[in-house]
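Asker: Predicted model, plus sequence, below.
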Amino acid sequence: MGFMPLHDESHRSDRAGWLRAAVLGADDGLVSTAALLVGLIAAGATKNTLLTSGVAALSAGALAMAIGEYVSVSAQADAEKADVRKETRELAEEPERELEELASIYEARGLSAELAMTVAKYLHEHDALGAHLRDELGHDERTRARPFQAAGVSAASFATGALLPLGAIVAATVSLRTSILVAITIVSMCLLGAVGARLGGAPALRGALRVGIGGCLALAITYGVGLALGTAI
């Protein structure tokens, strides 16, 4: 009978594969789209121009995020596969040296030399490759690279983030357009930062301030650029 855990456990690292892509995508979609729209408003763009530009930014950004994440995470997956091939070859060609290497790892972690070798032999008999990937190289199934998952999450989260400032443009009147857009964007950025921080086990306030301050700077800079260009042209 195999080992059965006494209770279910959930750890932050279980979310690492998709959490980074989701938070990065949503933040990028929200900030980049809102900053673009704020700059266009400052330059005097019409509502039709704002909506066209916003939808184009959403589409292009979501696709760019998906492709970027896929390429990046695929490179990580390729490295992991290369490690598997290397360890498989070494186990086949030099099993004794690999056994001693695994035992030395456990000994360095505090086991006696005799116990370390006993554990290494036991693991070599049952799952030598898994033991080396886990304890020598630090591979973990929970954090394994998943390119398609990262690409899908990035695209969806970017689009979700970009929809918020676009919705503000649709709903707001001309006189309140800038105020509503900025307000919705800042509140959304702070909420996103807080949620991302909590999911990762960090203080919510720190996460909210981290994202909120950075986003406000982006809005201010693009508004200034749009104002300067709109006046100059």
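Answerer: That came through, no problem. Residues are numbered from 1 along each chain as shown.
Asker: Quick check: next helix or strand after the longest helix seen in the chain?
Answerer: For the chain, the helix that runs over the most residues, judged by DSSP state H, is helix 47-93. As assigned by DSSP states H and E, the chain's next helix or strand after helix 47-93 is helix 95-108.
Asker: What residues of that next one count as buried?
Answerer: For helix 95-108, the neighbour count (16 or more other CB atoms under 10 Å) marks 98-99, 102-103, 105-107 as buried. For glycine as for every other residue, the C-beta is placed from the backbone atoms N, C-alpha and C.
Asker: Rebuild those residues as JSON lines, extending it with pLDDT and distance to Glu136.
Answerer: Shown next, in JSON lines, are those (pLDDT from 0 to 100; distance: CB to CB, whole Å):
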{"residue": "Glu98", "pLDDT": "87", "distance to Glu136": "9"}
{"residue": "Leu99", "pLDDT": "87", "distance to Glu136": "12"}
{"residue": "Leu102", "pLDDT": "85", "distance to Glu136": "7"}
{"residue": "Ala103", "pLDDT": "88", "distance to Glu136": "11"}
{"residue": "Ile105", "pLDDT": "88", "distance to Glu136": "6"}
{"residue": "Tyr106", "pLDDT": "89", "distance to Glu136": "11"}
{"residue": "Glu107", "pLDDT": "86", "distance to Glu136": "13"}
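Asker: out of those, which one sits closest to Val73?
Answerer: Among these, Ile105 lies closest to Val73 (CB to CB), at 27.5 Å.
Asker: got the contact list for the closest one?
Answerer: 116, 135-136 (CB atoms under 8 Å, 6 or more residues apart in numbering).
Asker: Out of those, list just those in helices.
Answerer: Those of the contacts of Ile105 lying in helices (DSSP H): Ala116.
Asker: most surrounded residue in the contacts of Ile105?
Answerer: Tallying neighbours with other CB atoms under 10 Å puts Ala116 at the head of the contacts of Ile105, with 20 neighbours.
Asker: For burial, what's the neighbour tally of His124?
Answerer: 19.
Asker: okay, and the helix or strand of this structure with the least pLDDT?
Answerer: Sorting the helices and strands of the chain by mean pLDDT, DSSP states H and E puts helix 16-42 at the bottom, at a mean of 83.
Asker: how far away is the residue nearest to Gly207 when sequence neighbours are not counted from Gly29?
Answerer: Spatial nearest neighbour of Gly207, chain neighbours left out: Ala197 (2.5 Å); criterion: CB to CB, 6 or more residues apart in numbering. Distance, Ala197 to Gly29, using CB to CB, to the nearest Å: 18 Å.
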